[in-house]
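A.B. asks: Sharing a model prediction with you, sequence too.
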Amino acid sequence: MTTTRRALAAGIAAALMQALMLIAFAWPAANTAPRELPLAVTGPQAAMVTGMLDERQPGGFETRTVADESAARGAITDRAVYGAIVTGDGPPRVLIASGASPAVAQLLTQMAQQLSGAPVAPVQDLVPADPDDPRGVAFGVAVLPLVMSGLAAGVLLSLLVPSIGAKALGLGAFAVTAGLLSMAIVQGWLSLLPGAYGELALVSGLVSFAVAGTVVGFSSVLGRAGIGVGALLMLFIGNPFSGATSAPEMLPAGWGALGQLLPPGAAASLLRAVAFFDGTGASGPLVVLSAWAGLAVVLLVVGAILGRRKGTSTHAGKHEAGASDQNREAAVVG
């Protein structure tokens, strides 16, 4: 391929990558809407409210009728639902949890205004977001640096560190240091998350190891192509469908669930569970992140085995070549 053709191919490839990034990041944001969003309803008018919701936004809410207001509150704090509508005397009251998702809380607040017909509707926030980040904007933005730094660490370790053992050591050092520093900034300096610093640092360290380890693991097995696989999973798919700025149920159908199976989405859910709900709902995302960390370790082991076999094969080839040269020299002398 000539230099001119190579330049044209590189330019077109870069433009295609830009188009893919626009689709990956802009499409979910442009199609944010509730899709089977769990919502509790209680009181004598529960059936009427459920019918109104189904009529106004078919498929938007997965309403669950509970016994009373106490049960509705419990469902919210147990993370079974995002909010609740309580009917009875007077206009319906809405219970929200902005710590679970400020975007959903805002949606339910607007719904409360529509149901009550008043500009100021009775809304109670049971699990409020951090007062320094009431709309959750900084929280959503904070998840991206965790992913990007993990990708960067994975690329550096893949390209600059030849030994599998040294790669593993670098991953461990990165995970510990990144976990401590990131939460010192997010919680100590910026005050964006409540909760125990040590627990949040452990979460951040696990996320860092899962992202960076996946990149290093794939590159150990597939070579430089593995870096592209890691970037595709974490940045192009995982990040825009993480639900960090909204909620998985607010993303296009199916994609929100997929995002929760990747480290960025699991990271956002686990951070919310630890910071705002005392660990309630943490088991699912913790299993996902642990599985990715385990996959990274398995890939590193496979890469070490493949590297050892390659080294043995190369050594055997050199030995055979040396023996062949000695035989030829002996034949000449003879």
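C.D. replies: Cool, got the structure.
A.B. asks: Name the residue closest to the centre of this protein, please.
C.D. replies: Closest residue to the average C-alpha location of the chain: Pro264 at 1.4 Å, with CA atoms, centre = their mean.
A.B. asks: For it, I want the exact helix or strand it lies within.
C.D. replies: helix 263-276 (DSSP states H and E).
A.B. asks: What average pLDDT does that helix get?
C.D. replies: For helix 263-276, the mean pLDDT works out to 95.
A.B. asks: I'd say the residue nearest to the centre of the chain and Asn239 touch.
C.D. replies: Yes - at 4.8 Å, Pro264 and Asn239 qualify as touching, with contact defined as CB atoms under 8 Å. Just so you know, the C-beta spots here come from the backbone N, C-alpha and C atoms, and that holds for glycine as well.
A.B. asks: Need the overlap of contacts for the two.
C.D. replies: Residues touching both Pro264 and Asn239 by CB atoms under 8 Å, 6 or more residues apart in numbering: 143, 147.
A.B. asks: Need phi/psi at Arg93.
C.D. replies: Main-chain dihedrals, Arg93, degrees, to the nearest 10: phi -110, psi 150.
A.B. asks: Neighbours of it, how many?
C.D. replies: 21 (other CB atoms under 10 Å).
A.B. asks: for the one 4 residues further on, same thing?
C.D. replies: By other CB under 10 Å, the residues close to Ala97 number 27.
A.B. asks: what helices or strands is the helix holding Pro264 leaning on?
C.D. replies: In terms of contacts (3 or more CB pairs under 8 Å, 6 or more residues apart in numbering; DSSP states H and E), helix 263-276 is packed against helix 137-160, helix 197-222, helix 283-333.
A.B. asks: where among those is the average confidence lowest?
C.D. replies: Taking the mean pLDDT of each of the helices and strands packed on helix 263-276, the lowest value is held by helix 283-333, a mean of 75.
A.B. asks: Tell me if Ala47 really is in a helix.
C.D. replies: Yes - under DSSP: H, G, I helix; E, B strand; the rest coil, Ala47 falls within a helix.
A.B. asks: What separation do you get for Ser101 and Ala7?
C.D. replies: 46 Å (CB to CB, to the nearest Å).
A.B. asks: okay, the two: which has more neighbours?
C.D. replies: Counted by other CB under 10 Å, Ser101 and Ala7 do not tie: Ser101 has more neighbours, with 29 against 11.
A.B. asks: Please list all residues in contact with the more buried one.
C.D. replies: Contacts of Ser101 (CB under 8 Å, 6+ apart): 82, 136, 243, 246-247, 250, 272.
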